[in-house]
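Predicted model, plus sequence, below.
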Amino acid sequence: MRSLKVGLAAMIFFFGINVAEAHHVVGHGGSLSSSFNPYSSQTRPPETFVDFNFNVDRLDGGLGYVLSYQTSAEYSVNRRWSFGARVPFLTIREKFLPDTDGIGDVAASVKFLAGEWPLHRMFLTLGSEVSFPTGNEDKGTGTGDVMFSPYLTLSKGFRHFSLLTTLGSTLAAAGEVHPSVDYSLSLILPVTKGALPVDFFLSFQGSTAATSKTFTNGSTKAYLRPAFVFHLTSKLLATLGGKFSAVDTLEVKKGIALSRVSTAPLSDVQAGFTFDINYSF
C-alpha cells in the first residue's frame, strides 16, 4: 500500500509541471510516435528487453505516407524500477513536403511498479518518457521541444484474457503549448498454445488536445490497433499488426490556413501496418 501511495504522489508531481501542448495530435517525432509494441514498456512490469519496430502509416486524404524504424531497450535495475531509451528514424513522403529522411526525437524513460496483487493477476505501473528535440521540427521529424509523457497503466488478468488500461499526457517543457490527454484500452486474448503460442491483441488508443494553436479545442485522433503476437520462444516475440482510424475530430481553427509546407497533416493517419520483434533477458 505504501508503494501505491508513493507512485500516486509521483504521478501528481508529473502532471503538476507547468507545461504544454504537443505540437501535433499524436505527432510522429514526439513521444507518441507511431511505433507500436503490444508488450511495450508501458504495458509490462519492469523487465530487461530490446525491441525493433517497423511501421508504415498512410496519411489521410491521400497525402502520402510515413515510415518509421525504431530501436528501443529497457533495463530492469530490480523488480520495481527500470530505465529505457528509444531511437526513431523517419522517412516522410508527403504530397506537399520535400522528401525527408532523418532521426526523430530520441527519448529516455523511467518506470516504477507501484503495486501488484498476484492472487488477482493485477499490477499497477507508473512511468514517464522524456523525448529530446533531436528531430527536425520544420520537416516533421520532431516536436522542437523537450517533451514529457507521464502515464499510469493498470493490468488485470482474467481466466481467458487480460485487460490493460493506460492514462497519460504529453507535455512540453517550454513553449506556448498545452497538454494532451492520451489513453488506451487493450485486450490480450490467447489464441493458440503448444509449440507456437499466439495471442490476439486489440487496442483502442487515442489522444485529445484540450487546447491547440492549430486545431479546435477537444480535437481527438484515435485508432483501433489489432495485432497477432507470436511467442517464438519464451523470450522472443514477433508482432504483426494494423492501425485504423476510428475517431477523427481534427478540425483546423477558423482563420488558420495551413500552408502547403505545414507538417500538421502528418498527425492525421488513415491506416497503418506494424512489424515488431522483441527479446527479453
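Cool, the structure landed.

D101 against L90, yeah?
Yes - using Cβ atoms under 8 Å, D101 is in contact with L90, at 7.3 Å. (Each C-beta comes from the backbone N, C-alpha and C, glycine too.)

Compare these two (neighbour count), which wins?
Shown here are D101 and L90; by other Cβ atoms under 10 Å, L90 has more neighbours (27 against 12).

which residues does that one contact?
28-29, 66-69, 100-104, 135, 140-141 (Cβ atoms under 8 Å, 6 or more residues apart in numbering).

for S76, same thing?
46-48, 82.

Recalculate using a threshold of 10 Å.
Counting by Cβ atoms under 10 Å, 6 or more residues apart in numbering, S76 makes contact with 45-49, 82-84, 111, 113, 280-281.

before we move on, the earlier item: could you say which of the contacts of L90 is surrounded by the most neighbours?
Neighbour max across the contacts of L90 (other Cβ under 10 Å) = G29, 31 neighbours.

which residue ranges form the helices in this protein?
Assigned by DSSP state H, the chain shows helices spanning 2-15.

for it, which spans come out with low pLDDT?
Along the chain, segments meeting pLDDT under 70 span 1-35, 175-178, 211-218, 255-261.

what sits in contact with each of D101 and L90?
In contact with both D101 and L90: 67, 139, 141, using Cβ under 10 Å, 6+ apart.

Now that the last one has come up, it's in contact with D99, right?
This means T141. No - assessed by Cβ atoms under 10 Å, T141 is found out of contact with D99, at 12.0 Å.

Now for K156, how many residues are close by?
Neighbours around K156, by other Cβ under 10 Å: 15.

How about the one 5 residues further on?
Residues within reach of F161, counting by other Cβ under 10 Å, total 13.

Also Y223?
The number of residues near Y223, taken as other Cβ under 10 Å, comes to 24.

list the contacts for it?
Y223 touches 26, 34, 36, 184, 203-207, 242-248, 269-272, counting by Cβ under 10 Å, 6+ apart.

Drop anything exposed from the residues you listed.
Using 16 or more other Cβ atoms under 10 Å as the burial test, those include 26, 34, 36, 184, 203-207, 243, 245, 248, 269-270, 272 as buried.

In space, what's closest to V146 - neighbours in sequence excluded?
In space, and not counting its chain neighbours, V146 is closest to A173: 4.0 Å by Cβ to Cβ, 6 or more residues apart in numbering.

The one you found contacts G144, correct?
No - using Cβ under 10 Å, A173 is not in contact with G144; the gap is 11.2 Å.

coming back round to it: so what sits against both of T141 and D99?
Shared contacts of T141 and D99, defined by Cβ under 10 Å, 6+ apart, are found at 91-92.

Can you show me the strands along the stretch 1-150 of the chain?
49-59, 64-76, 81-94, 100-103, 107-117, 122-131, 147-157 (DSSP state E, counting those that start in this stretch).

Check which helices and strands the first one is in contact with.
Spelled out, it's strand 49-59. Contacting strand 49-59 under the criterion 3 or more Cβ pairs under 10 Å, 6 or more residues apart in numbering; DSSP states H and E are the following elements: strand 64-76, strand 81-94, strand 236-248, strand 269-280.

Identify the neighbouring strands of the third one in the sheet and state each direction.
When sheet partners are counted by DSSP bridges, strand 236-248 sits next to strand 219-231 (antiparallel), strand 269-280 (antiparallel).

CA atoms of it as CSV?
Taking Å, rounded to 0.1, in the frame of the first residue of the first chain, the C-alpha atoms of strand 236-248 are listed here in CSV:
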residue,chain,number,x,y,z
LEU,A,236,11.4,-13.8,-28.3
LEU,A,237,8.2,-12.2,-29.5
ALA,A,238,7.2,-11.2,-33.0
THR,A,239,4.2,-9.0,-33.7
LEU,A,240,2.2,-8.3,-36.9
GLY,A,241,-0.4,-5.6,-36.5
GLY,A,242,-2.6,-3.0,-38.1
LYS,A,243,-3.8,0.6,-37.4
PHE,A,244,-7.1,2.0,-38.5
SER,A,245,-8.5,5.5,-37.8
ALA,A,246,-11.6,5.2,-35.5
VAL,A,247,-12.2,8.7,-34.2
ASP,A,248,-11.2,11.8,-36.1
